[in-house]
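Novice: give me coordinates for this.
(4 chains)
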2 protein chains.
Amino acid sequence: MARPVEHEVLAAVLQIRDGVLQALTWQRARPPDEGRWAVPGGLLRDDEDVEQSVLRQLAEKVDVREVAHVEQIAVFSRPDRVPGARRIATAFLGLVPSDAVPAIPDDTAWHPITALLDGTVPTAFDHAEIVTAGHERLRAKLSYTNLGFALAPREFTISALRDLYTAALGHPVSATNLQRVLTRRSVLEPTGAVAPPGPSGGRPAALFRFAEITLRVTDAFAVLRPPGEAVRGAVP
Amino acid sequence: MARPVEHEVLAAVLQIRDGVLQALTWQRARPPDEGRWAVPGGLLRDDEDVEQSVLRQLAEKVDVREVAHVEQIAVFSRPDRVPGARRIATAFLGLVPSDAVPAIPDDTAWHPITALLDGTVPTAFDHAEIVTAGHERLRAKLSYTNLGFALAPREFTISALRDLYTAALGHPVSATNLQRVLTRRSVLEPTGAVAPPGPSGGRPAALFRFAEITLRVTDAFAVLRPPGEAVRGAVP
DNA sequence: CCAAAAGTGTTTTTTCTACACCCATGA
DNA sequence: TCATGGGTGTAGAAAAAACACTTTTGG
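Specialist: Predicted coordinates for the structure are as follows:
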């Protein structure tokens, strides 16, 4: 009971940049784990809960207004997860829309999560686990919620959205089906405007936006729906 | 930074008893919140992580071997969530199969979660929130994983399983569909044996068991499945 | 007129739910 | 043989994926 315990919050802040899912990290300048890359975070203060704390900590690295969604992932509590005083971490997932260009400190950089996970870019402590858990959570929720809102710009074409989903899910996504699945659920709505074609021509793409920008579960019951229930959130 | 922080683990331990979803609670004998009912838990020790800790704490209330599944839910960290020294809680969901009859201490009792949530049985601190969160998690995972294994006896009839799902989900479940949905996913397998009919006759029911007794996601992609992927875990 | 990109229509396949019907037992 | 509960067969509906085809642009 005597050993003091610190509590920290840590966030896997993810953004799709150049078509690749990347995480925000900063390079540790001092031991332990000097030179290795850590996800942003810091110690919990007396007057804040972990949700408030993670937003405060992120504000030191990026403009928090650019973080479209934050949610708890898990507690990391191995007694020896960091050297020195015991430190328990509450890990979060944070998502930044692909069109945001946050100003970040000098010691901070975005890295593709593949590079962080395969060791190409060395990670501090158990932060690779946190990035993995964040990615898993993102993948899962993309397929049964409207979480795409947190990855996409306010307005976008279906192809652009398809590229975001492809990068986040790690497998090809059909633009045709994506459009129909998301509009059927009223997750997406057309703005009425169109985007100009690219340099090589082509039909101008219609612009869409997410109807809501807070998390909503769209497919609550994979199976075993309540009897008589309208199927898959149909609009009456 | 000066204020000391304690870390506790708390568990919403749920079991379906008499066809009703109930939670394990103990009555506080001393202030604060004297007389109110709390979920089991206790302080984290220096040499254990939160997962080890919750199992140890539960061992003091029930035979841990009877807890079929335990998983993290969330961190509760409001600075004033308990009076006195600050205490941060990692909340867990624990599930006990319906046929287990754990011996429990004198101050401990099972209560229907409805009674805990509507105030019929007064709850301590923020423990009602923890019970709610556990129930939500259970409901969600029942519909896209094999989590039923943690609620059911080793062997059971489909009607018995239907009653468990009905109690946990809170809405009617068809035995016919439950059987087909779970066997199609290879979640359930017949034991070959049959149960004797009840006192009023009827055809003897076939006995089934869960094929696995560790958590497995059976419906990963509600939509946006990877292309060419076999649909819904079909068996080749 | 052709290439490129976007969007729509249609078919195929799957499977879930609902419901009717058949089966095995005790009294 | 009848009531009771269990199990199976089948029909109907829904919707996702795949793919062919049409639309709209730039050169």
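Novice: longest helix in chain A, please.
Specialist: helix A:127-142 (DSSP state H).
Novice: so which other helices or strands are in contact with that helix?
Specialist: On a contact count with 3 or more CB pairs under 8 Å, 6 or more residues apart in numbering or on different chains; DSSP states H and E, helix A:127-142 meets strand A:5-17, strand A:20-27, strand A:69-76, strand A:86-96, helix A:113-117, helix A:158-169. From N, CA and C alone the C-beta is placed, and that goes for glycine too.
Novice: hmm, who's touching it?
Specialist: A:10, A:12, A:14, A:21, A:23, A:25, A:37-39, A:71, A:73-74, A:76, A:89, A:91-93, A:95, A:113, A:116-117, A:123, A:147-148, A:165, A:168-170, A:215, B:220, B:224 (CB atoms under 8 Å, 6 or more residues apart in numbering or on different chains).
Novice: returning to that earlier point: of the helices and strands packed on helix A:127-142, which approaches residue B:63 most closely?
Specialist: strand A:69-76 (25.4 Å; CB to CB).
Novice: mind listing what that closest one pairs with, with the direction of each?
Specialist: Using DSSP bridges, the strands paired with strand A:69-76 are strand A:86-96 (antiparallel).
Novice: in the strand it pairs with, what counts as buried?
Specialist: Within strand A:86-96, the residues scored as buried using 16 or more other CB atoms under 10 Å in any protein chain shown are A:86-96.
Novice: got the angle for it vs strand A:5-17?
Specialist: Here the directions of strand A:86-96 and strand A:5-17 differ by 20 degrees (axes from the mean of the first three to the mean of the last three CA atoms, to 10 degrees).
Novice: now strand A:86-96 against strand A:20-27, angle please.
Specialist: Relative orientation of strand A:86-96 versus strand A:20-27 (the same axes, to 10 degrees): 140 degrees.
Novice: could you give the average pLDDT over strand A:86-96?
Specialist: Mean pLDDT, computed over strand A:86-96, is 97.
Novice: next, the angle from that strand to helix A:158-169.
Specialist: Between strand A:86-96 and helix A:158-169, the angle comes out at 160 degrees (the same axes, to 10 degrees).
Novice: give the contact list for the most centrally placed residue in chain A.
Specialist: Geometric centre of chain A, nearest residue: residue A:95, 3.2 Å, by CA atoms, centre = their mean. Applying CB under 8 Å, 6+ apart, we find residue A:95 in contact with A:13-15, A:67-70, A:138, A:147, A:150-151.
Novice: any idea how far it is from DNA strand D?
Specialist: 22 Å (CB to the nearest atom of the strand, to the nearest Å).
Novice: try residue A:73
Specialist: The spacing between residue A:73 and DNA strand D, counted by CB to the nearest atom of the strand, is 26 Å.
Novice: pretty sure that residue contacts residue A:91?
Specialist: Yes. Because the distance of 4.5 Å satisfies CB atoms under 8 Å, residue A:73 is recorded as touching residue A:91.
Novice: intersection of neighbour lists for the two?
Specialist: Common neighbours of residue A:73 and residue A:91 (CB under 8 Å, 6+ apart) are A:12, A:130, A:133-134.
Novice: top of these by neighbour count?
Specialist: When neighbours are counted by other CB atoms under 10 Å in any protein chain shown, residue A:12 leads those with 29 neighbours.
Novice: give me the beta-bridge partners of that one?
Specialist: Beta-bridge partners of residue A:12, as defined by DSSP bridges: residue A:93.
Novice: what's the pLDDT at it?
Specialist: 98.
Novice: if we can go back for a sec, out of the contacts of residue A:95, which is nearest to chain B?
Specialist: Distances from chain B to the contacts of residue A:95, taken as CB to the nearest CB, are shortest for residue A:147 (11.9 Å).
Novice: can you name the residue of chain A nearest to DNA strand D?
Specialist: The nearest approach of chain A to DNA strand D comes at residue A:201, 2.6 Å away (CB to the nearest atom of the strand).
Novice: against DNA strand C, how distant is that residue?
Specialist: Distance from residue A:201 to DNA strand C, by CB to the nearest atom of the strand: 4 Å.
Novice: residue A:83 too?
Specialist: Distance from residue A:83 to DNA strand C, by CB to the nearest atom of the strand: 50 Å.
Novice: could you verify my assumption that that residue touches residue A:34?
Specialist: No. Residue A:83 is beyond contact range of residue A:34, at 12.0 Å (criterion: CB under 8 Å).
Novice: which residues of chain A lie near DNA strand C?
Specialist: A:157-159, A:175-176, A:179, A:194, A:197-198, A:200-206, A:221, A:223-225, A:227-228 (CB under 7 Å from any atom of the strand).
Novice: among the residues you listed, which ones are in strands?
Specialist: Among the residues of chain A next to DNA strand C, the ones falling in strands (DSSP state E) are A:157, A:194, A:205-206.
Novice: what is the burial count for the closest residue to residue A:155 other than its chain neighbours?
Specialist: Once flanking residues are discounted, residue A:155 sits nearest to residue A:207: 4.7 Å by CB to CB, 6 or more residues apart in numbering or on different chains. Residues lying near residue A:207 (other CB under 10 Å) number 18.
Novice: who's residue A:207 bridged to?
Specialist: With DSSP bridges as the rule, residue A:207 is bridged to residue A:157.
Novice: return the distance of it relative to residue A:25.
Specialist: 33 Å (CB to CB, to the nearest Å).
Novice: got the domain ranges for chain A?
Specialist: Domain segmentation of chain A under automatic domain parsing yields A:5-140, A:144-233.
Novice: and these as a markdown table, adding distance to residue B:106?
Specialist: Converted to a markdown table, those look like this (distance: least, CB to CB, whole Å):
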| stretch | distance to residue B:106 |
| --- | --- |
| domain A:5-140 | 31 |
| domain A:144-233 | 39 |
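Novice: most tightly packed of those domains?
Specialist: Highest mean neighbour count among those (mean count of other CB atoms under 10 Å in any protein chain shown): domain A:5-140, with a mean of 19.
Novice: that domain spans what distance, first to last residue?
Specialist: 33 Å (CA to CA, to the nearest Å).
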